[in-house]
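In: 3D model of this:
(one chain, ligands or ions: 1)
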Amino acid sequence: MSETSKRILLVIGGGIAAYKCLELIRRARDRGYRVRAVMTRAAAEFVTPLSVGALTGDRVFADLFSLDDEREIGHIRLSREADLIVVAPATADLLAKMAGGHADDLATAVLLATDKPVLVAPAMNPFMWRHPATRRNVAQLAADGIAIVGPNSGEMAERNEAGPGRMAEPHEILAAIEARLATTATHRMAKGPLAGRHVLITSGPTHEPIDPVRYIANRSSGKQGHAIAAAAAALGARVTLVSGPSAQPDPAGVDVIHVESARDMLAAVEASLPADCAVFAAAVADWRVANATDEKIKKDGKSRTPRLELVENPDILRTIANEPPGRRPPLVIGFAAETENVLEYARKKRKAKGCDWIVANDVSPETGIMGGDRNTVHLITETGVDSWPEMDKPAVARVLMERAASHLLTLTATT
Ligand SMILES: Cc1cc2nc3c(=O)[nH]c(=O)nc-3n(C[C@H](O)[C@H](O)[C@H](O)COP(=O)(O)O)c2cc1C
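Out: Predicted coordinates:
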């Protein structure tokens, strides 16, 4: 299907970033999309329906109880006559209402009544974004299959406030729209040994904040985890990739959840279950900073050099591998990146974590594996060790996912 036939229903929430929607509409129409807009009551405080309508070239919808709108189109038809619904900016309030299934205005009624994929672009103050209520709502929306783009980190409209909460830029939202529409088309046509399976993958490093601008990270590039996600999608799986900050592009046909810290990664993984196979390729920080601050730590020459206190992060692999039957993915695969006694540590790790397979590799600096394009791995299963020849990371990914596909087939045949 050509892009020109795609229809986007844009739900505009009441946040400062609403002005960026005008640019988004313009870019989307340049790409050939037809755009229709629904605005919340609060959105009209930030951009006028007149500007929005002038750019969409269509009526702008706002009122659930409008007799004319309801007679002519109706909120149910509005929600179905789109290929994708995009919520931008998705306010904290809209995310909460969506997670709770509210439908007390046109925007939320349309979002609840739709049978189409939904993409949200959150935008809010960093404190609102980090609030446990918003964390819960975002995890719930991810579990409900809603795609999320952004937010980015940076300066806020409020003076002296920085952190995650800036809405993704219009070009980033447009890229997410295209990825989401491609995923939907791929799922519809999925064929291959993993068709009908859900594969959940973590990838990349995590960032553990020290203050709003500094963090602890590691050298993981995300190349291997992203390659596994692409390989699983190529074999027909529905793939959820939970990615820490990585320069790797989002693989096509994959639902990507971007996270920063280990705790966010665990929440996104938990919210994405159930899965047939889970692959934990991310290099998750073992520790986070217990005394992280909300304000930037100042070097003013008077204060003492700060001391970082570390506290252990949740163990994502162990947590998921020990979920009760029914929730635990039937095939749980961990990664062991070691610098010495690789096989011995990996065997122990498989037992200690309770996972099914471990993919072990030597990440000593001289191997060039961390961040490099090639990998030499050993697959440790219940029955023994398989040492694979050196391959590029996409080839390792392909072999691993082909092996996972046949293992899942065996499991299905024996249950
Ligand atoms: C100046 C101003 C800026 C605001 N910016 C945001 C924002 O960026 N994100 C957000 O979640 N809420 C923001 N709010 C609060 C929302 O407008 C408020 O929660 C509103 O009820 C959201 O309605 P809606 O979700 O139906 O659009 C802002 C409020 C004001 C007064």
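In: Centroid-wise, who is the farthest residue in the protein?
Out: residue 302 (41.8 Å; Cα atoms, centre = their mean).
In: what secondary structure does residue 124 sit in?
Out: coil (DSSP: H, G, I helix; E, B strand; the rest coil).
In: Quick check: it vs the ligand, distance?
Out: 4 Å (Cβ to the nearest ligand atom, to the nearest Å). For the C-beta atoms, the positions are set from N, CA and C on the backbone; glycine is no exception.
In: ok so, going back, the residue farthest from the centre of the chain: what secondary structure?
Out: Applying three-state DSSP: residue 302 is coil.
In: Now do the phi/psi pair for it.
Out: phi -100, psi -40 (degrees, to the nearest 10).
In: Then residue 133?
Out: With angles defined as degrees, to the nearest 10, residue 133 sits at phi -60, psi -40.
In: Any idea how many residues pack against the closest residue to it other than its chain neighbours?
Out: Of all residues not flanking residue 133 in the chain, residue 96 sits nearest, at 6.9 Å (Cβ to Cβ, 6 or more residues apart in numbering). Residue 96 has 17 neighbouring residues, counting by other Cβ atoms under 10 Å.
In: Next, residue 96: secondary structure please.
Out: helix.
In: Identify the residues contacting it.
Out: Residues in contact with residue 96 (Cβ atoms under 8 Å, 6 or more residues apart in numbering) are 133, 134, 137.
In: What separation do you get for it and the ligand?
Out: Applying Cβ to the nearest ligand atom to residue 96 and the ligand gives a distance of 8 Å.
In: Check residue 28 too.
Out: As judged by Cβ to the nearest ligand atom, residue 28 and the ligand stand 20 Å apart.
In: distance of that residue from residue 358?
Out: 44 Å (Cβ to Cβ, to the nearest Å).
In: Kindly report the same for residue 51.
Out: 56 Å.
In: Compare the two and say which is more crowded by neighbours.
Out: Neighbour count, other Cβ under 10 Å: between residue 51 and residue 358, residue 358 has more, with 27 against 14.
In: Separate out the buried members of the contacts of residue 96.
Out: 134, 137 (16 or more other Cβ atoms under 10 Å).
In: Can you lay out the contacts of residue 96 as JSON lines showing distance to the ligand and pLDDT?
Out: What follows is these, written out as JSON lines (distance: Cβ to the nearest ligand atom, whole Å; pLDDT from 0 to 100):
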{"residue": "133", "distance to the ligand": "12", "pLDDT": "93"}
{"residue": "134", "distance to the ligand": "9", "pLDDT": "92"}
{"residue": "137", "distance to the ligand": "11", "pLDDT": "89"}
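In: Using a markdown table, lay out the contacts of residue 96 together with distance to residue 170.
Out: A markdown table is the format used below for the contacts of residue 96 (distance: Cβ to Cβ, whole Å):
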| residue | distance to residue 170 |
| --- | --- |
| 133 | 28 |
| 134 | 23 |
| 137 | 24 |
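In: Out of the contacts of residue 96, the closest to residue 156 would be?
Out: The nearest member of those to residue 156, counting by Cβ to Cβ, is residue 134 at 15.1 Å.
In: Just the pLDDT at the closest residue to residue 294 other than its chain neighbours, thanks.
Out: Distances taken as Cβ to Cβ, 6+ apart put residue 212 closest to residue 294, at 6.7 Å, once the chain neighbours are dropped. Listed pLDDT for residue 212 reads 89.
In: Am I right that residue 212 falls within a strand?
Out: No - per three-state DSSP, residue 212 lies outside any strand segment and is coil.
In: does it really touch residue 127, like I thought?
Out: No - the criterion here is Cβ atoms under 8 Å, and residue 212 misses it with residue 127 at 10.6 Å.
In: If you count surrounding residues, which of those two has more?
Out: Remark: of residue 212 and residue 127, residue 212 carries more neighbours, 18 against 15, as counted by other Cβ under 10 Å.
In: Stretch 111-127: end-to-end distance?
Out: 26 Å (Cα to Cα, to the nearest Å).
In: Please identify which helix or strand holds the residue lying closest to residue 80 once chain neighbours are set aside.
Out: Using Cβ to Cβ, 6+ apart and skipping the chain neighbours, the partner closest in space to residue 80 is residue 115 (6.3 Å). Secondary structure from DSSP states H and E places residue 115 outside every helix and strand.
In: export the least confident helix or strand in the chain by mean pLDDT as PDB, just CAs?
Out: Within the chain, no helix or strand scores below helix 67-72, which has a mean of 71 by mean pLDDT, DSSP states H and E. C-alpha atoms of helix 67-72 as PDB (Å, rounded to 0.1, in the frame of the first residue of the first chain):
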ATOM      1  CA  LEU A  67     -24.900  16.900  17.600                       C
ATOM      2  CA  ASP A  68     -23.500  17.800  14.200                       C
ATOM      3  CA  ASP A  69     -20.200  16.000  14.500                       C
ATOM      4  CA  GLU A  70     -21.900  12.900  16.000                       C
ATOM      5  CA  ARG A  71     -24.500  12.800  13.200                       C
ATOM      6  CA  GLU A  72     -22.000  13.300  10.400                       C
END
